[in-house]
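# Next one to model:
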Amino acid sequence: MSWSQYPGQGHHQQPPPPPPQQYGQYQQQPQYNQYQNFPPPPPQGNWGAPPPPGNYGGYAPPPPPQYQQQGNYGPPTGVPPPAHYQTGSAGVQPQQQQQGFQPPYGGNPVRPPTQNQSYGPQFQGQGGPQRPFFQYSQCTGSRKALCIGINYFGTSSELKGCINDARNVEKFLCTRYNYRSEDIVMLTDDARNPRQIPTKANIIAAMQWLVAGAKPNDALFFHYSGHGGQTADLDGDEDDGFDEVIYPLDFKQAGHIVDDDMHNIMVRALPPGCRLTAIFDSCHSGTALDLPYVYSTEGVIKEPNLLAEAGQGLLGAGMSYLRGDIGGMMKGVMSLGKNIMNQNSGAAEKTKQSKTSPADAISFSGCKDSQTSADTSMAGQATGAMSYAFIAALTRYPQQSYVQLLNTIRDELKGKYEQKPQLSASHPIDTNLLFIC
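From the prediction side, this is the model:
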């Protein structure tokens, strides 16, 4: 397998209903001498060596953990906050769809059109008046995927289900969407190969590999399960005043990875008509890829709602006050102030102008930017709520539109978790089209 040509959490609560089909054992990832034309891994930092093979070799899932439920956490100041969990029991895989059974929330979706799609007002281009355009991917070209699962073994913020999430998504892509295991790169902190450890350098290199050589109608898939958080927005493109971030294994030494950087690496580099599907199973992940068009469960673009955000900010500040958390109270008030200032200064419009793309990038994230995402246990296997719900929804109803999939993912979590998965895109999309990847 070659990195150059590419062969080959936050937070969890009570689980959705089970599915009978079980994923089998996963093949061990190839050794690094099989990768061609990929720079050697950076020197290992103070975060320590990967776990000994005896501890995590074949990755046997840990027993269902016991967790104490805690409140939401805000932008991190160092270590990602402890996960908030509740245990539950259910099957690991969802039930198969019955023949002829229609998915809810609408009829049978159709495949995306092949021609360029124009939208928005005209502008003066080099050859005269033009309109912005984008192109849907037919997903008939090359397929590549990057799956990242970080459990943060041996730390105070250890998670239980993230490695399982990455393995389950890998298996699902191969069995349902005809990806090949040799075209999927896995980064997990139980890996024996140093280049497959999810350090910041390895994650960025793998992101670059994912999009290298991308062409129209290619299908690229990115999955991340691990800790997420927020940090102060420095370029004024966030309504709430905070950028979203993910935490590599070595974040204490190397720092986090910001949404702006993930967008620049994985979206900006893509040609029109190339599909990138991203799944974020982490806290504060609503716009973790900085895609400017966020869709509601009715399939329409959401607009910033100052009153709703203000109410949420004040509620958070009030709850912090009742807990005696003065710092949390001040953060809630400050976030509200930033929200007002950024909406007045047109943060949403700035994002649309700077981050709309003619490529076909979409993201399903586990929660809103202001929410945490859950880590849970199903049938003895730890898993992330969002990763589980994505696989469960598409296993029950394989032929869904984007808006149907957003709703069925939420249905998997409804009544069990407070988090609300989000759908965002790099350009306006017809949410009634068939979801393909």
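
# Wait, residue 224 touches residue 279, no?
Yes - contact criterion Cβ atoms under 8 Å: residue 224 and residue 279 qualify, at 7.3 Å. All C-beta spots, glycine's among them, are computed from the backbone N, C-alpha and C.

# what about the protein, any weak spots by pLDDT?
Within the chain, the segments meeting pLDDT under 70 span 1-101, 123-124, 232-241, 284, 286, 304-345, 347-354, 368-370, 379.

# how about the helices in it?
Here the chain has its helices, by DSSP state H, at 53-56, 162-177, 200-211, 251-254, 259-266, 306-322, 326-344, 347-355, 385-396, 402-413.

# Compute the inter-axis angle for the last one and helix 385-396.
Just to be clear, that refers to helix 402-413. Orientation check (axes from the mean of the first three to the mean of the last three Cα atoms, to 10 degrees): helix 402-413 against helix 385-396 gives 120 degrees.

# packing partners for helix 402-413?
strand 293-295, strand 360-365, helix 385-396, strand 422-425 (3 or more Cβ pairs under 8 Å, 6 or more residues apart in numbering; DSSP states H and E).

# what does the second one give?
Using 3+ Cβ pairs under 8 Å, 6+ apart as the contact criterion, the secondary-structure elements in contact with helix 162-177 are strand 143-149, strand 184-188, strand 219-225, strand 275-281, strand 381-384, helix 385-396.

# Recalculate using a threshold of 7 Å.
Under the contact criterion of 3 or more Cβ pairs under 7 Å, 6 or more residues apart in numbering; DSSP states H and E, helix 162-177 touches strand 143-149, strand 184-188, strand 219-225, strand 381-384, helix 385-396.

# Direction included, what does the second one pair up with?
Sheet pairing here is set by DSSP bridges, and for strand 184-188 it gives strand 143-149 (parallel).

# List the buried residues of the partner strand.
143, 144, 145, 146, 147, 148, 149 (16 or more other Cβ atoms under 10 Å).

# between that strand and helix 259-266, how many degrees?
150 degrees.

# Strand 143-149 to strand 275-281, inter-axis angle?
10 degrees.

# before we move on, back to that, tell me which of the helices and strands packed on helix 402-413 sits nearest to residue 212.
With Cβ to Cβ, the closest approach to residue 212 among the helices and strands packed on helix 402-413 belongs to strand 360-365: 15.8 Å.

# who's in contact with that closest one?
Applying Cβ atoms under 7 Å, 6 or more residues apart in numbering, the contact partners of strand 360-365 are 134-137, 267, 270, 273-280, 285-286, 288-289, 291, 390, 409, 421-426.

# The same query, at a cut-off of 6 Å, please.
Residues from elsewhere that reach strand 360-365 (Cβ atoms under 6 Å, 6 or more residues apart in numbering): 136-137, 267, 275-280, 285-286, 288-289, 291, 422-426.

# cool, stretch 429-437 as well?
109, 111-112, 139, 177, 219, 221, 277, 295, 299, 400-403, 405.

# Now the terminal residues of that stretch, how far apart.
End-to-end distance of stretch 429-437 (Cα to Cα, to the nearest Å): 15 Å.
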